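S.K.: What would the 3D arrangement of this be:
(one chain, ligands or ions: 1)
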Amino acid sequence: ALFESPTSELLNTTYDIIIIGAGAGGAVMANRLTEDAGTRVLLIEAGGSDFMNLNISVPGLSSTLTHSKFDWNITTTPQIGLNNRTVAYPRGFVLGGSTATNQMIFCRGTKDDWNRFANVSGDDGWSWEKLIPFIVKVDNMTAPTDGHNTTGQFNPAIHNNSGVVDISVPGVSLAIDQRGLNASQELSSEFPFNLDYNSGNTVGFSWTQSTIHNGHRVTSATSYLAQAFNRSNLDILVNTRVTKLVPVGKVSGKPDLRGVQFAQFANGTVHTLHAAKEVILSAGSVKSPHILMLSGIGDSKHLKSFNITPLVDLPVIGKNLQDHVFLGNPWLVNANFTLDDVHRNATLSAEQLELWKVNGSGFLGLPPTNQFNWLRTNSSVFSSLNTTDPSAGPTSANFELIISDNFASKRVALPATGRFLSIVSNLISPTSRGNISLASADPFDLPLVNPNLLGTDVDLAIMRSAVRAARSFIAAPAWADYVVSEFGAFGEAQTDEELNAYIRDQSDTVDHPIGTIPLGLGSKGALESDLTLKGTVGLRVVDASAFPFIPSGHTQGPTYILAERAAALVRASLSQRPHGV
Ligand SMILES: Cc1cc2nc3c(=O)[nH]c(=O)nc-3n(C[C@H](O)[C@H](O)[C@H](O)COP(=O)(O)OP(=O)(O)OC[C@H]3O[C@@H](n4cnc5c(N)ncnc54)[C@H](O)[C@@H]3O)c2cc1C
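M.R.: Numbering: from 1, shown residues only. Sure thing, here's the model as predicted:
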């Protein structure tokens with residue numbers, strides 16, 4: 001059942017499992033663990049239950065979600081790599097978490113990404129090969145909204161048709177799509193066509209796959225949670241923030257963290273529930289480490305400076321934050337329509353919304369891009385800096401080029417006139433590491449978020465290669481009669497120094513934080529390979545904070561996959577101890 005507040009019925013129930021956070025990780029866990037009718041689960045979500053809100057459902061309205069009631073409204077600390085600018089750091093605050101507010105691109109990660117996780121965790125179960133049964137449990141490839149023939153746009157052989165999350169290739173074709181394909185053919189050694197970037201090897205030019213079905217956004221709430229809503233062994237409590245984990249005792253000298261405290265408002269009543277079997281922390285890469293720190297788990301010195309009594313000293317918590325970097329590069333184009341028209345013209349956009357309401361068709365049902373390139377930086381860039389390639393291996397890109405039929409910038413507003421083509425350069429295998437730290441000991445205060453975007457010279461060099469590659473792609477004959485000129489500050493940036501200044505001035509986040517409670521052996525890892533928190537019992541972390549390295553793709557798919565295996569691990573461990581912990 002769904003609870004908008006903690007009623008006495010809920011407070012008097014004994015739950016086997018308490019899950020904190022209903023995003024990508026938490027929703028998978030809630031679904032898979034309640035498949036066993038004998039397991040009683042409580043899912044606690046800080047945000048509300050309005051996950052079918054129009055602004056969430058319509059893909060083309062996703063830009064309205066940042067700074068809305070569906071957002072945690074976080075701003076970063078000043079970013080040294082961005083000339084000390086602060087940037088918005090959106091995180092979903094609703095059933096579905098960030099899957100309800102994201103840009104819907106669906107990636108699985110690569111063979112090398114997952115094999116690296118297997119290496120650093122010492123567990124072959126995280127390798128690509130071993131994960132295939134879990135990978136295919138996630139996505140369900142569906143027909144695009146316009147029903148077009150999708151031959152040559154993805155490889156059906158590697159997709160399941162019975163996964164939980166509906167995905168599709170773009171449902172409306174754009175005038176630039178054919179030019180993109182032609183450019184990849186004309187420059188095939190630099191931008192080779194890749195039939196399916198979700199094969200384990202992303203490298204090349206591909207059609208996008210998105211969490212969109214019939215023009216509607218698909219979230220972890222409309223997929224994993226919707227399947228489980230009516231199960232009598234699942235309760236969902238919304239509008240409620242977990243403030244702290246509390247030990248219920250000790251097992252072999254380790255704190256047993258099955259106690260969960262929560263409240264609806266700052267200074268509101270604090271309730272405590274104890275899970276009979278396990279607590280699953282899935283509050284995402286910003287809030288999961290925050291909750292641990294509030295509970296005395298993290299870098300003891302840091303915690304003591306806020307008068308929090310340390311419980312477990314795990315200095316790595318909050319410190320391995322990694323994120324992708326966004327930079328929109330715009331060209332003025334010679335076209336009589338681009339998506340800029342929909343963004344600028346209120347009448348046209350209202351017409352498109354009416355069309356969408358009929359059957360999900362029209363431009364508002366599109367993902368932010370129909371095609372992209374995933375590319376590797378020339379190794380000479382790394383040798384000239386006396387360093388090695390930071391990507392996980394040859395199947396992983398160093399950067400992504402997102403082809404957008406509009407002015408795509410997080411820094412500069414859409415100009416009043418002109419039509420645009422943008423290539424967003426996305427630094428996909430960064431070396432910078434940032435951190436999450438406490439701003440205060442008050443659980444209703446947000447933590448300090450420092451993703452340290454472009455914090456290293458290597459990252460800046462990869463970004464320069466990404467801007468230069470965008471220019472090479474647009475130099476293909478396919479664009480010759482379409483592109484007029486580079487626009488604004490982009491056009492001025494040619495030398496290395498000019499490029500550095502442009503990149504630092506215009507870059508932003510791609511909203512993919514990971515790694516703040518990483519899997520890994522030794523002091524580099526906070527989690528054992530089964531995702532239990534080191535030095536404790538009764539607690540697992542199942543969300544994007546568990547990745548030791550950032551996947552070289554967008555992060556919702558890898559989080560779903562991680563959670564599918566996590567659910568199998570929890571179920572196996574529950575079946576071995578049916579009568580208690
Ligand atoms: C604007 C934006 C664009 C993105 N674009 C893409 C994209 O195109 N493709 C892609 O693959 N990924 C994208 N992502 C990233 C992707 O959505 C995340 O990687 C993924 O959702 C992470 O899952 P998670 O379970 O770790 O966290 P989340 O999905 O963020 O879920 C965490 C949940 O925990 C809840 N929570 C937090 N604290 C508490 C608390 N104290 N008590 C109770 N509940 C709590 C939150 O409200 C939230 O619902 C984007 C993200 C954003 C924000």
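S.K.: rest of the way, CA atoms for contacts and neighbours
M.R.: Will do.
S.K.: do you know how far Leu327 is from the ligand?
M.R.: Between Leu327 and the ligand the distance is 14 Å, computed by Cα to the nearest ligand atom, to the nearest Å.
S.K.: for that residue, phi and psi?
M.R.: Its backbone dihedrals place Leu327 at phi -140, psi 110, with angles given as degrees, to the nearest 10.
S.K.: Provide a list of residues in contact with it.
M.R.: When the contact criterion is Cα atoms under 8 Å, 6 or more residues apart in numbering, the partners of Leu327 are 409-410, 424-426, 503, 506-508.
S.K.: Leu257: which of the residues you listed is nearest?
M.R.: Asp508 (36.9 Å; Cα to Cα).
S.K.: how many neighbours does that closest one have?
M.R.: 26 (other Cα atoms under 10 Å).
S.K.: Could you find the closest non-adjacent residue to it?
M.R.: Distances taken as Cα to Cα, 6 or more residues apart in numbering place Phe326 nearest to Asp508, at 5.0 Å, with adjacent residues excluded.
S.K.: Just to be sure, that neighbour is in a helix?
M.R.: No: membership of Phe326 in a helix is not supported by DSSP: H, G, I helix; E, B strand; the rest coil, which gives strand.
S.K.: how close does it get to the ligand?
M.R.: Distance, Phe326 to the ligand, by Cα to the nearest ligand atom: 11 Å.
S.K.: So what pairs up with that residue in the strands?
M.R.: On DSSP bridges, the residues paired with Phe326 through beta bridges are Asn426, Asp508.
S.K.: can you pull the contacts of the nearest residue in space to Pro315 that is not next to it in sequence?
M.R.: Using Cα to Cα, 6+ apart and skipping the chain neighbours, the partner closest in space to Pro315 is Asp299 (3.8 Å). Going by Cα under 8 Å, 6+ apart, Asp299 touches 313-317.
S.K.: Kindly recompute the last result at 7 Å.
M.R.: By Cα atoms under 7 Å, 6 or more residues apart in numbering, the residues touching Asp299 are 313-315, 317.
S.K.: With Asn435 instead?
M.R.: Taking Cα under 7 Å, 6+ apart, we find Asn435 in contact with 318-321, 449-451.
S.K.: Most neighbours among those residues, which one?
M.R.: Scoring the contacts of Asn435 on neighbours with other Cα under 10 Å, the highest-scoring entry is Gly318 at 31 neighbours.
S.K.: got the residues of the stretch 1-150 of the chain near the ligand?
M.R.: Proximity of the stretch 1-150 of the chain to the ligand is assessed by Cα under 6 Å from any ligand atom, with 20-26, 44-47, 90-99, 101-107 identified as the residues in range.
S.K.: Just the pLDDT at the closest residue to Asp196 other than its chain neighbours, thanks.
M.R.: Of all residues beyond its chain neighbours, the one nearest Asp196 is Phe154 (4.8 Å), with distances taken as Cα to Cα, 6+ apart. At Phe154, the predicted lDDT confidence score is 98.
S.K.: Can you pull the phi/psi pair for Phe154?
M.R.: Reported as degrees, to the nearest 10, the phi and psi values for Phe154 are phi -160, psi 170.
S.K.: Gly362 now?
M.R.: When quoted as degrees, to the nearest 10, the phi and psi of Gly362 stand at phi 90, psi 180.
S.K.: Correct me if wrong: it contacts Ala350.
M.R.: No: shown here, Gly362 and Ala350 do not form a contact pair, counting by Cα atoms under 7 Å, at 11.3 Å.
S.K.: quick one: which of those two has more around it?
M.R.: More neighbours sit around Gly362 than around the other of Gly362 and Ala350, counting by other Cα under 10 Å; the figures are 22 against 12.
S.K.: now that we're looking at the more buried one, which residues does it contact?
M.R.: With contact taken as Cα under 7 Å, 6+ apart, Gly362 is in contact with 172, 352, 355-356.
S.K.: So what's the residue count around Arg577?
M.R.: 10.
S.K.: Secondary structure element for Asp166, which one?
M.R.: For Asp166, the enclosing helix or strand under DSSP states H and E is strand 165-167.
S.K.: Contacts for that strand, please.
M.R.: Where contact means Cα under 7 Å, 6+ apart, the residues beyond strand 165-167 that reach it are 138-142, 209-213, 218, 223.
S.K.: Switch the contacts of Leu327 over to JSON lines; also include pLDDT and distance to the ligand.
M.R.: JSON lines is the format used below for those (pLDDT from 0 to 100; distance: Cα to the nearest ligand atom, whole Å):
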{"residue": "Ser409", "pLDDT": "95", "distance to the ligand": "14"}
{"residue": "Lys410", "pLDDT": "95", "distance to the ligand": "11"}
{"residue": "Val424", "pLDDT": "98", "distance to the ligand": "13"}
{"residue": "Ser425", "pLDDT": "98", "distance to the ligand": "14"}
{"residue": "Asn426", "pLDDT": "98", "distance to the ligand": "12"}
{"residue": "Ile503", "pLDDT": "98", "distance to the ligand": "20"}
{"residue": "Gln506", "pLDDT": "98", "distance to the ligand": "17"}
{"residue": "Ser507", "pLDDT": "98", "distance to the ligand": "15"}
{"residue": "Asp508", "pLDDT": "98", "distance to the ligand": "12"}
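S.K.: quick check, nearest of the residues you listed to Thr269?
M.R.: Lowest distance from Thr269 to the contacts of Leu327 (Cα to Cα) belongs to Asp508, with 38.4 Å.
S.K.: who are the neighbours in contact with the closest one?
M.R.: For Asp508, the contact set (Cα under 7 Å, 6+ apart) comprises 87, 325-327, 410.
S.K.: By neighbours, which of those residues wins?
M.R.: Across those, the neighbour count under other Cα under 10 Å reaches its highest value at Leu327, namely 29 neighbours.
S.K.: Strands along the stretch 1-150 of the chain, start to end?
M.R.: Along the stretch 1-150 of the chain, counting by DSSP state E, counting those that start in this stretch, strands occupy 2-3, 17-20, 41-44, 139-141.
S.K.: Out of the ones you listed, which is the most enclosed?
M.R.: A comparison of the strands of the stretch 1-150 of the chain by mean neighbour count, using mean count of other Cα atoms under 10 Å, puts strand 17-20 on top with a mean of 28.
S.K.: which helices and strands does that one pack with?
M.R.: Applying 3 or more Cα pairs under 7 Å, 6 or more residues apart in numbering; DSSP states H and E, one finds that strand 17-20 contacts strand 41-44, strand 278-281.
S.K.: Turn these into TSV, including mean pLDDT.
M.R.: Formatted as TSV, the helices and strands packed on strand 17-20 follow (pLDDT from 0 to 100):
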stretch	mean pLDDT
strand 41-44	98
strand 278-281	98
